[in-house]
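Visitor: Predicted model and sequence below, questions to follow.
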Amino acid sequence: GAVVSQHPSRVICKSGTSVKIECRSLDFQATTMFWYRQFPKQSLMLMATSNEGSKATYEQGVEKDKFLINHASLTLSTLTVTSAHPEDSSFYICSARHRDRGWFSYEQYFGPGTRLTVT
Amino acid sequence: AQSVSQHNHHVILSEAASLELGCNYSYGGTVNLFWYVQYPGQHLQLLLKYFSGDPLVKGIKGFEAEFIKSKFSFNLRKPSVQWSDTAEYFCAVNAVDNAGNMLTFGGGTRLMVKP
């Protein structure tokens, strides 16, 4: 149990276009989902935390108007990279916290990631 | 804010060698600690976690980690590595009083096990 999927796994887009990445918890409900960005040979950097039905909380330095996050249901969160530029090229990973394992569970389940390339 | 450092960026071992990967964090309060593994081409998976109790935690695949509060450390160990342990390992910390449930990751350690 506790599987998280992401779609698409890879996407190439032209500069100036927008790209939407989906994150789904397949066999559990997730009250909280997290979006990370991973640069080559570097660690994961938290971009934002989203709670179902409320606005996302963005980390310092992350532009909320550029990285739009929608957590419309307990199993789906989306990240939209608006007006993408080559510097947005990266590996984007989502994770989800299991609703039924309590607030103090802290355990996160990770999706496989989405590699975005902006040309 | 908490931070996590992993001292070894790359480790190369032969099969059957013992492994210890260092992880230190900076945060004065109560923490939850995690080790995640990312096999080539796969997503992050939880190896083990520490919330409270026995500071020696046993995880999957023969891994264990010891929480030493006085040293702010949570080193990962395995007595005898296998080729299949080749992966990147991430230490992560969550501050218990962080209502946002945020995980802070270390920089990762890339382990290569030679057959």
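Guide: Now that the structure is in, tell me what you want to look at.
Visitor: ok, residue 11 - contacts?
Guide: As the question left the chain open, I've gone with chain A. A:Val19, A:Ile21, A:Thr114, A:Arg115, A:Leu116, A:Thr117 (CB atoms under 8 Å, 6 or more residues apart in numbering or on different chains). Any C-beta I mention is one placed from the backbone N, CA and C, and that applies to glycine too.
Visitor: Correction: the question concerned chain B.
Guide: Counting by CB under 8 Å, 6+ apart, B:Val11 has contacts B:Leu19, B:Leu21, B:Thr109, B:Arg110, B:Leu111, B:Met112.
Visitor: wait, isn't the last one in contact with B:Glu15?
Guide: No: applying CB atoms under 8 Å as the test, B:Met112 and B:Glu15 come out as separate, 11.2 Å apart.
Visitor: the strands in the chain, which residues?
Guide: Using chain A. Assigned by DSSP state E, chain A shows strands spanning A:4-7, A:10-13, A:19-25, A:30-38, A:44-51, A:57-58, A:67-73, A:76-81, A:90-98, A:108-110, A:114-118.
Visitor: meant chain B, my bad for not saying
Guide: Under the criterion DSSP E, strands of chain B are mapped to B:3-5, B:10-14, B:19-21, B:24-26, B:31-38, B:45-50, B:56-58, B:64-68, B:73-78, B:87-95, B:104-105, B:109-114.
Visitor: pLDDT of stretch B:72-84, averaged?
Guide: Averaged across stretch B:72-84, pLDDT comes to 97.
Visitor: Is that stretch positioned near chain A?
Guide: No: using CB under 8 Å from any CB of the partner chain, stretch B:72-84 never reaches chain A; the gap is at least 14.2 Å.
Visitor: and A:Cys94, bridged to which residues?
Guide: A:Trp35 (DSSP bridges).
Visitor: which non-adjacent residue is nearest residue 96?
Guide: Just going to use chain A. If the residues on either side of it in the chain are set aside, A:Ala96 comes closest to A:Ala30, at 3.5 Å by CB to CB, 6 or more residues apart in numbering or on different chains.
Visitor: That was the other one, I meant chain B.
Guide: Per CB to CB, 6+ apart, closest to B:Val96 is B:Thr30, 4.1 Å.
Visitor: how close does the one you found sit to chain A?
Guide: 11 Å (CB to the nearest CB, to the nearest Å).
Visitor: Settle this for me: that residue is touching B:Lys69, isn't it.
Guide: No: applying CB under 8 Å, one finds B:Thr30 not in contact with B:Lys69, separated by 9.6 Å.
Visitor: follow-up on the earlier one: would CSV of the contacts of A:Val11 with pLDDT, neighbour count and distance to chain B be doable?
Guide: Formatted as CSV, the contacts of A:Val11 follow (pLDDT from 0 to 100; neighbours: other CB atoms under 10 Å in any protein chain shown; distance: CB to the nearest CB, whole Å):
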residue, pLDDT, neighbour count, distance to chain B
A:Val19, 97, 19, 20
A:Ile21, 97, 24, 14
A:Thr114, 95, 22, 11
A:Arg115, 94, 14, 11
A:Leu116, 96, 21, 16
A:Thr117, 96, 14, 17
